[in-house]
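> show me the folded form of this:
(one chain, ligands or ions: 2)
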Amino acid sequence: MILVTGGCGFIGSSFLLQWLSEVGEPVVNLDLLTYAGNPANLASLQGDPRYHFVQGDIADSTLVAGLLARHQPRAVVHFAAESHVDRSISAPLAFAQTNVLGTLKLLDAAFAYWKSLDRESAARFRFLNVSTDEVFGSLQADAPAFTECHRYEPNSPYSASKAASDHFVRAYFHTYGLPTLTTNCSNNYGPRQFPEKLIPLVIHNALQCKPLPVYGDGMQVRDWLHVDDHCRALRAILERGRPGETYNIGGRSERSNLSVVHAICEALDALRPRAGGRPYAALVTHVKDRPGHDRRYAIDDSKIAGELGWQPQVMFEEGIDQTVRWYLAHQDWVSSVTSGAYRQWVEKQYSGESTVPAEA
Ligand code: NAD
Ligand code: DAU
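Ligands and ions are numbered 1, 2, ... in the order given. So this is what the prediction gives:
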């Protein structure tokens, strides 16, 4: 069996659903259920004897040691984190607490457990650290994409905290021999993403005819990776990746933010036209830029493609259409996560921004 952390979040829940349907090996999911963790994401697993949920903190060493001793997992797949860049700008300390200290405590518990294993189990054990391309910093428009050798140049408190945790993972491999793997992936999208992130936020606002906030000129570029492709890549790395190595994962879908927002608007125009016939794109509103905003991320995936034979299967046009359809069909899910706390965040983050003109 395997131990997954943060399995009630966006990527963790996709990973668990795909894992149990395509691999079928039992899983323990350790999740603190912060604002971003939603057990409803995994409602379909209720009663499944292969799935075991524990609410708790990765930084609770006693709890983690007990889970490892009791369940004897062959791997830890570590998703749990504070994941939103804008929140890291407003409140960086929580990012150090969870992403740096929490990861270090989890690593340390995994190391103690790994030392207790017999030779065969120890050789098979893996600690898979799910990180981000943001640790590499920002690229010029014409610069080559990030390879695994790109220098770490994190620019936000979020990416600094992920970079620090990556360094601890690296150190546990080099110093203690713990068989670690680190992945640096690009922006994920797909079902069940919390509507603080660009794509679900834009869909949610559009359906309420609210402004679609585009930071600055909207020409920042991200490489969009469908979450199911990401989870397939993680499985390949877990099974066949080389301990101590890092692997970049991208979607081969570089797009500017403005073009992403327009793609969402066009999908909505076709699937749920506005009363009165105005296009959703009329709601696009340029707002104050994110401080320290990285201009471009891009992934060179030749290592994972060459070594492990993985490549993305979902191209952006197909993936964004499926994603918009998922949100339209799951408005109850959206209502359940856009509670009072969500509204407070949105009011604080976007306060003072221009409202949509009357004619929009
Ligand atoms: P998310 O914010 O949707 O989910 C995070 C999950 O971790 C939630 O279920 C939350 O309850 C849980 N959690 C938070 N603190 C915890 C703690 N102390 N102990 C246990 N559980 C805790 O995040 P996501 O978008 O699913 O991202 C998952 C991982 O992938 C993160 O490590 C993130 O840095 C990384 N990542 C995300 C993206 C992306 O585009 N979303 C891209 C690259 C890397
Ligand atoms: O690159 C991987 C990273 O992708 C992950 O490590 C992070 O966990 C994940 O949140 C994501 O970070 P971004 O900052 O790129 O994602 P976000 O959805 O917040 O923003 C995507 C782009 O859209 C970014 O350039 C900022 C912009 N944006 C975002 C919001 C929320 C807007 O223009 N308006 C907005 O309201």
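
> which one of the residues in the protein is closest to ligand 1?
residue 9 (2.0 Å; CB to the nearest ligand atom). The way it works is simple: take the backbone N, C-alpha and C, and place the C-beta from them, glycine included.

> leaving out chain neighbours, which residue sits closest to that residue?
Once flanking residues are discounted, residue 9 sits nearest to residue 36: 5.2 Å by CB to CB, 6 or more residues apart in numbering.

> and this protein, which of its residues are near ligand 1?
Residues of the chain lying close to ligand 1 by CB under 6 Å from any ligand atom are 5-6, 8-12, 30-34, 36-37, 57-59, 79-81, 83, 98, 102, 130, 132, 162, 185, 187-188, 194.

> quick revisit: so who does the residue of the chain closest to ligand 1 touch?
By CB atoms under 8 Å, 6 or more residues apart in numbering, the contact set of residue 9 is 31, 36, 37, 38, 41, 79, 80, 83, 194.

> quick one: low-confidence parts of the stretch 151-300 of the chain?
Of all residues in the stretch 151-300 of the chain, none has pLDDT under 70.

> can you name the residues in contact with the longest helix anywhere in the chain?
Taking DSSP state H as the criterion, the chain has its longest helix at helix 157-176. With contact meaning CB under 8 Å, 6+ apart, helix 157-176 is reached by 81-85, 87-89, 92, 95-96, 98-100, 103-104, 107, 111, 127, 129, 131-132, 134-135, 137, 152, 154, 178-180, 182, 184, 243-244, 246.

> any part of it near ligand 2?
No. Helix 157-176 lies out of reach of ligand 2 by CB under 6 Å from any ligand atom, never closer than 6.7 Å.

> and that helix, what's buried?
Judged by neighbour count (16 or more other CB atoms under 10 Å), helix 157-176 contains these buried residues: 157-166, 168-169, 172-173.

> nearest to residue 342, of those?
Proximity of the buried residues of helix 157-176 to residue 342 was ranked by CB to CB; the top entry is residue 158 with 18.8 Å.

> from what I see, residue 5 and residue 32 are in contact.
No. Using CB atoms under 8 Å, residue 5 is not in contact with residue 32, being 9.1 Å away.

> now do the shared contacts for those two.
58, 80.
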